[in-house]
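K.L.:
Sequence first, then the predicted structure, then my questions.
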Amino acid sequence: MEEYMKVGITSAATVVLNVTSLVGMRDELTPEIFNWAFNNPKIIVVGFIHACLFDDIVSHKFEQERGHSTSAVECYIRECGVSEEEACNELKKQVDNVWKDINNEMIFSETSKFVPMPVLTRVLNLTRGTEFMYIAGDGYTHVGKSTKDGIDSLLIDPISISTSGN
């Protein structure tokens, strides 16, 4: 599992995706922020863990049928000698625990003292997006009603927020 996750963080586009999401932030985006983001800070690493494990939990059967590489589920089964269900349950606990790490990074850590909140919020929102894509199954690979409805409610029929007090 450790090797699988280590390879995953270096091969996934996690850091690039997070840095790309920061482009256009002007005032908050300094060379120090770029350096911070490119050095695998904990909040970005745990966001990757969330995405990787959540994806593997919901898609490992389909990926096996397609002959794709090993997932975290298979690694955990082999390493710990547990059933598929037990592996998925344990990995789901790890996915859930990511939120504790993210909250800590945003509120209590040294990171929160020097990284502007809008930057941390971008990283948080990428993890929220992952949660949305996988909460009802693999909404990334198999876009279904749940994914379409969620995107529609966000972009097509958004909730109107009025500041006029009406």
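P.N.:
Received, thanks.
K.L.:
What sits closest to residue 77 if chain neighbours are left out?
P.N.:
Take residue 77 and drop its neighbours on the chain: the residue closest to it by C-beta to C-beta, 6 or more residues apart in numbering is residue 87, 4.8 Å away. C-beta coordinates here come from the backbone N, C-alpha and C atoms, glycine included.
K.L.:
Please name every helix or strand in contact with the helix or strand hosting the one you found.
P.N.:
Assigning secondary structure by DSSP states H and E places residue 87 in helix 84-107. If you count contacts as 3 or more C-beta pairs under 8 Å, 6 or more residues apart in numbering; DSSP states H and E, helix 84-107 packs onto helix 42-65, helix 72-80, helix 111-114, helix 117-134.
K.L.:
and it, how far out from the chain's middle?
P.N.:
Computed by C-alpha atoms, centre = their mean, to the nearest Å, the chain-centroid distance of helix 84-107 equals 11 Å.
K.L.:
And for stretch 38-48?
P.N.:
10 Å.
K.L.:
re earlier: what about the residue nearest to residue 77, how many neighbours?
P.N.:
25 (other C-beta atoms under 10 Å).
K.L.:
That one contacts residue 78, correct?
P.N.:
No - using C-beta atoms under 8 Å, residue 87 is not in contact with residue 78, being 9.3 Å away.
K.L.:
Out of the helices and strands in this structure, which is least certain?
P.N.:
helix 145-151 (a mean of 67; mean pLDDT, DSSP states H and E).
K.L.:
Quick check: phi and psi at residue 41.
P.N.:
Backbone dihedrals for residue 41, given as degrees, to the nearest 10, come out at phi -60, psi 160.
K.L.:
Which residues are in contact with the spatially closest residue to it that is not a sequence neighbour?
P.N.:
Excluding its sequence neighbours, the residue lying closest to residue 41 (C-beta to C-beta, 6+ apart) is residue 111, at 6.1 Å. Contacts for residue 111 were tallied using C-beta atoms under 8 Å, 6 or more residues apart in numbering; they are 36, 41, 42, 43, 105, 120.
K.L.:
Of those residues, select the buried ones using a PyMOL command.
P.N.:
The buried residues among the contacts of residue 111 can be selected in PyMOL (16 or more other C-beta atoms under 10 Å) with this line:
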select buried, resi 36+41+43+105+120
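K.L.:
ok, and the closest non-adjacent residue to residue 79?
P.N.:
Per C-beta to C-beta, 6+ apart, closest to residue 79 is residue 1, 5.5 Å.
K.L.:
oh sorry, the question was meant for residue 42
P.N.:
Per C-beta to C-beta, 6+ apart, closest to residue 42 is residue 105, 5.6 Å.
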